[in-house]
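In: After the sequence you'll find the predicted model.
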Amino acid sequence: MQNKSMIVCRCEEVSYDELVEVASETNCSARELKLRTRAGMGYCGGRTCRTMVDHIAHKHHPRLDSEISLKFQAPIRPVRFAELGEVK
């Protein structure tokens, strides 16, 4: 049995319940679900939760042929301006 209150997106603390609720209420695509809940928009850039968000969205809103799946981006590390202007 699946735990419905489990956290799917650890970075943004989005639960399975929240994703299913938003997907069923709005009948939105995976990209819209990501934007509405912020799942996959945290520090890891969706590396850990992207497939689950994609799966939940397509369960409630079947993917069209023209629709692409979610992508993930490598996390970036902030750099201070002082480090950029440093002369060596």
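Out: Thanks, I have the structure now.
In: Please spell out which residues along the helix or strand harbouring residue 57 are buried.
Out: Here residue 57 sits within helix 50-60, counting by DSSP states H and E. Using 16 or more other CB atoms under 10 Å as the test for burial, helix 50-60 gives 50, 52-54, 56-58, 60. For every residue, glycine as well, the C-beta is placed using N, CA and C.
In: Using CSV, lay out those together with distance to residue 17.
Out: Formatted as CSV, these follow (distance: CB to CB, whole Å):
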residue, distance to residue 17
50, 19
52, 13
53, 13
54, 17
56, 11
57, 15
58, 18
60, 14
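In: Of those, which is the nearest to residue 86?
Out: Among these, residue 50 lies closest to residue 86 (CB to CB), at 35.7 Å.
In: ok, the most centrally placed residue in the chain - contacts?
Out: Computing the C-alpha centroid of the chain and ranking residues by CA atoms, centre = their mean puts residue 40 first, at 2.0 Å. By CB atoms under 8 Å, 6 or more residues apart in numbering, the contact set of residue 40 is 9, 12, 34, 46, 49-50, 53, 70, 72.
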